[in-house]
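>>> I'll drop the sequence and a predicted model, then ask my questions.
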Amino acid sequence: MGRHSLPDAKATATGRVRSPRRRTVSIATALVLAVAAGTGVAAQSGLLSFADPCADAPVRLDLAASPDIAPALRAIADRARRDRVTTDGHCLDVRVEARENYQVAAALADGSGPAGYQVWVPDSDIWVDRAKGLGDGTALTPAGTVATSPVTLATVPTTSRTMGWPRKSYTWAELAATATGADGLLLGSADPARSATGLLALSSVAESSRRTGAEGDTRTAATAELLTQRVSDTDTHVLETLAQDDSGAEKGHPRRNEAVLLSEQAAFAHNSEGSGSANLNLFYPTDGAPVLDYPYSLVDETELTTDQSRAAMRFMTLLGDEAAYRTLREHGFRVADTALDPTLLRTAGALSPQPYDGNDAEPPSSESRQWALGLWTVTVRSARLTTVVDTSGSMAAPVPGRDGQSRMDITKASLLRALAGFTPEDEIGLWEFATRLDGAKDYRELERTARLGEPVKGGGTHRDRLSDAVTALKPVPDGDTGLYDTMLAAYREAVASYVSGKFNALVILTDGSNKDDDSISRSELIKRLKTVVDPRRPVPLIAIAVGPDADRNEVDTIARATGGAGYEVSDPAEIRAVMLRAVMLSAGLTGPGSTAPDHS
């Protein structure tokens, strides 16, 4: 930001930008190795000659690039045409087209690409991995890294000051805790399924949070849930969600964000265009900012002509010269083995003592990235949950240290908070249970499982009706815990009413063990549940034992018969977080490095 002076960078021993560990530094050498078998040695072919005059027929090379780096690559290609740069005596004519990374990766993965391009420069090797993921797609030949840009948290000035910028620093886990805490943070992100920036940030939150303890996965799930409420389609769109100034109208705008997950280069571009009043400030997490690494890949090399392969090599060598480095820095990118540019950093919003020099941290592992993407997919996928709440008399017991509030009071507050996090497309229902609650039955449906945004008679929506029903829950003074019959009946209904395309689950909250002498036995319950389970209509049972009288081992044993699991909370206020974690685990997302889920 122009109004700040930039102290000396906390540079590395060489004062230079570090390149990703898994990439070769010499991009020209890498490309030579990649294409030598098909095109011959560059020196023997005259490939590196600048002296030969242009022939009549230029060599055309089409390059698909990530939208953020496309302008810089286009400028370098235009200069090459102006300077009449040659490849084997023919003018080099490189045409650069901006294409969304996820769209190119999908086309390459299913074999429908390439569509008229010989080189691809996405913003991250995430997309190269995804393009190769199916094994039947278009072949890629990686050939080095063009530039880098770290992933950061970008904030508007008022928020950065509140968070203590630039002197206060955070890990990714601490940033997630700040965003999901009581005061919250209006945090936006591009869709991690479509944005390497979003996926790298969420993966970093996952790895950092897991290092903090057993609740790390829950914190990551809460972060993902928060982001789903303020997600944008692409990195370009996420910038449009930022508050434009400090006016009351902007602060009160429901879709405005005060912080976004963003690359340093995107912040540079944003701040370069702004007046200064809405410029962004950057937080660089102390446990390492992952980088966008802009890999250069030949697309389906077997289909390239010799001239095209040599032209691809020629252009790659140009990207490694000082003129190209200067162009890349002018567009806000870092380039390997060059000193950090104070102007770039200042414009992007970096200010010491934030660790913007890039502390050479390992990027999130492929396993972490896959897990985070799976978590995101489950989180954004519409849910269909039937929630069954224990209303036995013991739910009136006070919770220690909670100012006289009962188990039921806090359970209802937690459920209402969880309900607020669901979208209008999610389907939620509500049952209650206690012994002989409805004649001989121990259970009663209060609200059917339906779409929250569905209008209801008399005005309002199903969400409104459901909120009222949760608020009206109260313990039945003489009621006991009629658990087994309720579990069987509710599970049968959940499977029978299964909706394809949604995450279906049955959530049961109980503060005790079964106390109905007239019910089926536990062994009979498990036997009958197994007969109801239908692999084509998966409905995991998520059983949450609340308080000291509940038996987590029992509900876990029962729930596992359906592919679900049991959990235990000592304080009903923890129910919402455990529900998030339970949904994640029920979808098979046990977290990178985990061997078994922890249900405590």
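Received, thanks. Residues are numbered from 1 along each chain as shown.
>>> now do the spatially closest residue to residue 478 that is not a sequence neighbour, the pLDDT please.
Leaving aside its chain neighbours, residue 478 sits nearest to residue 393 (6.4 Å; criterion: Cβ to Cβ, 6 or more residues apart in numbering). The C-beta positions use only the backbone N, C-alpha and C, and glycine is treated the same way. Predicted confidence (pLDDT) for residue 393: 93.
>>> any idea how far residue 543 is from residue 393?
Look at residue 393 and residue 543: by Cβ to Cβ, to the nearest Å, they are 20 Å apart.
>>> which one's more surrounded, the two?
Shown here are residue 393 and residue 543; by other Cβ atoms under 10 Å, residue 543 has more neighbours (30 against 16).
>>> state the distance from the more buried one to residue 126.
37 Å.
>>> helix, strand, or coil at residue 433?
Using DSSP: H, G, I helix; E, B strand; the rest coil as the criterion, the local structure at residue 433 reads strand.
>>> who does it bridge with?
With DSSP bridges as the criterion, residue 433 is bridged to residue 390, residue 443.
>>> need the helices for the stretch 401-550 of the chain, in chain order.
For the stretch 401-550 of the chain, the helices defined by DSSP state H, counting those that start in this stretch cover 407-420, 462-471, 483-496, 522-532.
>>> which outside residues touch the last one?
Residues external to helix 522-532 that are found in contact with it (Cβ atoms under 8 Å, 6 or more residues apart in numbering): 484, 487-488, 491-492, 495, 514, 520, 541, 554, 557-558, 561-562.
>>> ok, 6 Å please
484, 488, 491-492, 495, 561-562 (Cβ atoms under 6 Å, 6 or more residues apart in numbering).
>>> in the residues you listed, find the pair that's most separated.
484 and 495 (17.1 Å; Cβ to Cβ).
>>> of the two, which one has the most company?
Neighbour count, other Cβ under 10 Å: between residue 484 and residue 495, residue 484 has more, with 22 against 18.
>>> can I assume that one is in contact with residue 520?
Yes - if you go by Cβ atoms under 6 Å, residue 484 and residue 520 touch, sitting 5.5 Å apart.
>>> picking up where we left off before, distance check, the residue nearest to residue 478 against residue 428.
Applying Cβ to Cβ to residue 393 and residue 428 gives a distance of 26 Å.
>>> picking up where we left off before, what is the nearest of the contacts of helix 522-532 to residue 69?
Of the contacts of helix 522-532, the one sitting nearest to residue 69 (Cβ to Cβ) turns out to be residue 562, at 48.3 Å.
>>> list the residues that contact that closest one.
529, 533, 540-541.
>>> in CSV: those, plus distance to residue 103, neighbour count and pLDDT.
Formatted as CSV, the contacts of residue 562 follow (distance: Cβ to Cβ, whole Å; neighbours: other Cβ atoms under 10 Å; pLDDT from 0 to 100):
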residue, distance to residue 103, neighbour count, pLDDT
529, 44, 21, 96
533, 39, 16, 93
540, 33, 23, 90
541, 39, 27, 93
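>>> among those residues, which two are most distant?
Farthest-apart pair in these is 529 and 540; separation 11.3 Å (Cβ to Cβ).
>>> least confident secondary structure element in the chain?
For the chain, using mean pLDDT, DSSP states H and E, the weakest element among its helices and strands is helix 42-45, scoring a mean of 36.
>>> and the next element down the chain from that one?
Scanning forward in sequence from helix 42-45 by DSSP states H and E, the next helix or strand is strand 59-65.
>>> Provide the secondary structure category for the residue lying closest to residue 281 once chain neighbours are set aside.
Excluding its sequence neighbours, the residue lying closest to residue 281 (Cβ to Cβ, 6+ apart) is residue 160, at 3.9 Å. Taken by three-state DSSP, the conformation at residue 160 corresponds to helix.
>>> tally up the residues packed near residue 160, please.
Count around residue 160 with other Cβ under 10 Å applied: 23.
>>> next: residue 273.
Residue 273: 9 neighbours (other Cβ under 10 Å).
>>> likewise for residue 453?
Residue 453 has 14 nearby residues by other Cβ under 10 Å.
>>> same deal with residue 191?
20.
>>> from residue 380, how far out is the closest residue to it other than its chain neighbours?
Spatial nearest neighbour of residue 191, chain neighbours left out: residue 231 (5.3 Å); criterion: Cβ to Cβ, 6+ apart. Computed as Cβ to Cβ, the residue 231 to residue 380 distance reads 8 Å.
>>> more crowded one of the two?
residue 231 (23 against 16).
>>> span of stretch 542-554 from start to end?
12 Å (Cα to Cα, to the nearest Å).
>>> average pLDDT for that stretch?
On average, stretch 542-554 scores 84.
>>> point out where the stretch 351-500 of the chain drops to low pLDDT.
358-361, 378 (pLDDT under 70).
>>> for stretch 217-230, which positions count as buried?
217-228, 230 (16 or more other Cβ atoms under 10 Å).
>>> could you dump these to TSV with distance to residue 524, secondary structure and pLDDT?
TSV is the format used below for the buried residues of stretch 217-230 (distance: Cβ to Cβ, whole Å; DSSP: H, G, I helix; E, B strand; the rest coil; pLDDT from 0 to 100):
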residue	distance to residue 524	secondary structure	pLDDT
217	34	helix	76
218	34	helix	76
219	39	helix	81
220	38	helix	84
221	34	helix	80
222	38	helix	82
223	42	helix	87
224	39	helix	86
225	37	helix	81
226	42	helix	84
227	44	helix	87
228	40	helix	83
230	47	coil	85
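>>> just checking, the residue nearest to residue 191 touches residue 192?
No - with contact defined as Cβ under 6 Å, residue 231 does not reach residue 192; the gap is 8.4 Å.
>>> ok, residue 555 - contacts?
Contacts of residue 555 by Cβ under 6 Å, 6+ apart are 543, 545, 566.
>>> the same query, at a cut-off of 10 Å, please.
If a contact means Cβ atoms under 10 Å, 6 or more residues apart in numbering, then residue 555 has 483, 487, 508-510, 513-514, 541-545, 564-568, 599 as its contacts.
>>> the residues you listed, buried ones only, as a ChimeraX selection?
Remark: buried members of the contacts of residue 555, expressed as a ChimeraX selection using 16+ other Cβ under 10 Å:
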select :483,487,508,509,510,514,541,542,543,544,545,564,565,566,567,568,599
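>>> looking at the contacts of residue 555, which are in strands?
508-510, 541-545, 565-568 (DSSP state E).
>>> ok, of these, which one's closest to residue 502?
residue 542 (15.0 Å).
>>> who does the closest one form a beta bridge with?
Beta-bridge partners, per DSSP bridges, of residue 542: residue 507, residue 565.
>>> I'd say it and residue 579 touch.
Yes - the pair residue 542 / residue 579 is scored as a contact, 7.2 Å apart, by Cβ atoms under 10 Å.
>>> any residues in contact with both of those two?
385, 387, 505, 507, 509, 567.
>>> distance of the third one from residue 221?
Pointing back at residue 505 there. For residue 505, the distance to residue 221 - Cβ to Cβ - is 14 Å.
>>> any chance of the contacts of residue 562 in JSON lines with distance to residue 310 as columns?
Shown next, in JSON lines, are those (distance: Cβ to Cβ, whole Å):
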{"residue": "529", "distance to residue 310": "66"}
{"residue": "533", "distance to residue 310": "60"}
{"residue": "540", "distance to residue 310": "56"}
{"residue": "541", "distance to residue 310": "62"}
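>>> out of the residues you listed, who's nearest residue 315?
residue 540 (52.1 Å).
>>> list the residues that contact the residue nearest to that closest one when sequence neighbours are not counted.
Nearest residue to residue 540, sequence neighbours excluded (Cβ to Cβ, 6+ apart): residue 564, at 3.5 Å. Taking Cβ under 10 Å, 6+ apart, we find residue 564 in contact with 491, 505-508, 529, 538-543, 555-556, 558, 582, 585-586.
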